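# generate coordinates for the sequence data below:
(chains A and B)
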2 protein chains.
Amino acid sequence: MQLGILGAGAVSRAVASLAIENGHTVTALADSKSAVVNSNGVDIESAFKRKELEGTIGDLEVDEAVEGSYEALIEVTPTTINSAEPAFSHVKTALERNRHVVLGNKAPLAERYGDVRALEQESKGTVKFGATIGGTMPMLSTIRDFGSDQITGIRGAFDSRSNFILSRMAAEGLDYEHVLAEAEEIGVIEGESSFDVEGIETALTCSILANVLAEPGNEFSLEDVTVKGIDQIPSSTLKLAREDGQTVRLIGEIRNDQIRVEPRLVSEDKALAVTNLRTVAQLETKHADLTTLSGNGSSKDAIATALLRDIHQLEYSQ
Amino acid sequence: MQLGILGAGAVSRAVASLAIENGHTVTALADSKSAVVNSNGVDIESAFKRKELEGTIGDLEVDEAVEGSYEALIEVTPTTINSAEPAFSHVKTALERNRHVVLGNKAPLAERYGDVRALEQESKGTVKFGATIGGTMPMLSTIRDFGSDQITGIRGAFDSRSNFILSRMAAEGLDYEHVLAEAEEIGVIEGESSFDVEGIETALTCSILANVLAEPGNEFSLEDVTVKGIDQIPSSTLKLAREDGQTVRLIGEIRNDQIRVEPRLVSEDKALAVTNLRTVAQLETKHADLTTLSGNGSSKDAIATALLRDIHQLEYSQ
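Below is the predicted model of the structure:
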């Protein structure tokens, strides 16, 4: 498939090389201020090398990539809340051009679900967004297959960085700042983490999930989520919890149209207490109790694999 | 959707009532020797009551159900290995009549995968079989979405009864016979368990999984599976394992076209050590490590929910 990729971070690079490995062609690629297009295939190595050396990925304007030649547009620019711009406009343009959209960026569907769905309705293109809710965990297909009316609630420890930090704090008796600094130093956590530890990433995931479960017209955005992060938890709390066979995880939960994200006590030996960079989600069904999904968190390769899965879905459902 | 149901055990009853609750109509229903059909909807309560009191579910021959009026045939007769009959013939007739088939019975696809697929190829009907490999765990859709070439191996503790028995043996220090007898007495385990504890159920699941992963023409059946059950494990083994933070589970694994089912040591605090009647599967992907799925085992309501999910897939993919 011919792919346009917007965004030039670690995930973009991982998805570009994985796409090529799987027989796709990257025909357009943009960072936040420049672009390169080539209908025979962009030279990915050169483009990212140029980005490193010169700060721009190509000579063209970003719009020339958005309006370039591709069958599906992969949107992996940095997440921006409220307007979800410029990602939302990218999605809009691609759909108006009857192209498919594959989202890595959570914001368009977390903040403007109804708008995106309305654009999709008018388009010959389809919006795939499995990667935005749980990465490689097959959340979206599982909800769709059961039927959203069969799902009575969803909860999970969706944020791999928070899981890593909390499991290290508990295991080593260390403070939040100490663990975060250490994780950044050894490269387990790269780039900005404030959206993770403040619960915003989890809230965005949960907003999308709530939209998927909701009746049409009943729309959720970040505003509707009660959010509390993990950045105020002292290591003493984790120590106390541990004495009782418990630990703390940043749990997102959707139930009865209520969405809340907050640190909660979970049993140390139960499914929600995932360690390291793993993530977990539990879907509660009307008649079959819980279905639990767990994935390899948000490493760039895991997100790239999830995006490739969503592209693969586009291919075989056509 | 108009549904025919073959089989009159606990799963049949559960799927019939769940189907009706979800707006479907059961238009044909058969046990092993009799049948009832009604294009306006069979009276399920009366049929199963008659089965209890008189031993037959209706006045007609089974063939009249198989050849009756339905859009999808749900095959939940007892599993038979080798020829997979009479289930295979039921599937064949339904597909030749251009009807869909939803399998709860593992045997047709575990023993005669190529034959079923060839019949499906010639039919306007589709075969859905997600329930046969992992029940409510979304195994099939996850493999399909990633693409089977992305999956490098699958392993799991697929058999809920074996999981229950082994976790009780470890927790209570009891012997196999004692735990099984107790589980039967309190109704946790109903009906025949030999296929479970001998590893046959797991082997059938793994045979189907291997067929899903295999290149066309490279077909597997029960004969290709190395099988060892849990019926010879003394409680002392579990005790020894426990001293080392480990326990034993009946693990099925598919890797490099090899399928083996055997009791194996697993870490007590890791995902494979599911307790009670839960089941777990781990899909190893090329670039995203493990995706773990876990479900509520083989209770009749869980299997019925999985079958309904597969019917739901038929509806929205048409």
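# just the terminal-to-terminal distance for stretch A:102-110.
Counting by Cα to Cα, to the nearest Å, you get 14 Å between the two ends of stretch A:102-110.
# same deal with stretch A:172-180?
13 Å.
# what do you get for stretch A:101-113?
Stretch A:101-113: ends 14 Å apart by Cα to Cα.
# per-residue confidence averaged over that stretch?
The average pLDDT within stretch A:101-113 is 97.
# for chain A, what lies in contact range of chain B?
A:18, A:130, A:135-138, A:141-142, A:144-147, A:150, A:269, A:271, A:285-296, A:299, A:301-302, A:304-306, A:308-310, A:312-313, A:316 (Cβ under 8 Å from any Cβ of the partner chain). For glycine as for every other residue, the C-beta is placed from the backbone atoms N, C-alpha and C.
# of those residues, just the buried ones, ChimeraX syntax please.
ChimeraX command restricting these to the buried ones, with burial defined by 16 or more other Cβ atoms under 10 Å in any protein chain shown:
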select /A:18,130,135,136,137,138,141,142,144,145,146,147,150,271,285,286,287,288,289,290,291,292,293,294,295,296,299,301,302,304,305,306,308,309,310,312,313
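# just the residues of chain A next to chain B: which are in helices?
A:18, A:141-142, A:144-146, A:301-302, A:304-306, A:308-310, A:312-313, A:316 (DSSP state H).
# in chain A, where is pLDDT below threshold?
Low-confidence segments of chain A, defined by pLDDT under 70: A:318.
# quick one: buried residues of stretch A:147-158?
A:147, A:150-151, A:154-158.
# can you pick out the most distant pair from the residues you listed?
A:Gly147 and A:Ala157 (25.0 Å; Cβ to Cβ).
# center of chain A, which residue is that?
Central residue of chain A (Cα atoms, centre = their mean): A:Thr132, 3.2 Å from the mean position.
# list the contacts for that one?
A:103-106, A:109-110, A:204-205, A:208 (Cβ atoms under 8 Å, 6 or more residues apart in numbering or on different chains).
# so how far is chain B from it?
Shown here: A:Thr132 relative to chain B, a distance of 15 Å by Cβ to the nearest Cβ, to the nearest Å.
# skipping adjacent residues, who's closest to that residue in space?
A:Lys106 (4.5 Å; Cβ to Cβ, 6 or more residues apart in numbering or on different chains).
# what ranges do the helices span in chain A?
Secondary structure of chain A by DSSP H: the helices cover A:10-21, A:44-54, A:62-66, A:87-96, A:107-111, A:113-122, A:139-146, A:160-172, A:176-185, A:194-197, A:200-213, A:235-243, A:300-316.
# which one of the ones you listed lies closest to B:Asp31?
Using Cβ to Cβ, the helices of chain A put helix A:139-146 closest to B:Asp31, at 28.5 Å.
# which neighbouring elements make contact with that closest one?
helix A:200-213, strand A:279-285, strand A:290-295, helix B:139-146, helix B:300-316 (3 or more Cβ pairs under 8 Å, 6 or more residues apart in numbering or on different chains; DSSP states H and E).
# make a markdown table out of these and add distance to B:Val91.
Output for these, formatted as a markdown table (distance: least, Cβ to Cβ, whole Å):
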| stretch | distance to B:Val91 |
| --- | --- |
| helix A:200-213 | 34 |
| strand A:279-285 | 27 |
| strand A:290-295 | 27 |
| helix B:139-146 | 17 |
| helix B:300-316 | 14 |
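# so which of these is nearest B:Val280?
strand A:290-295 (8.2 Å).
# contacts only, for the nearest residue to A:Gly173 once chain neighbours are set aside.
Of all residues not flanking A:Gly173 in the chain, A:Ser235 sits nearest, at 5.8 Å (Cβ to Cβ, 6+ apart). Residues in contact with A:Ser235, defined by Cβ under 8 Å, 6+ apart, are A:169, A:173-176.
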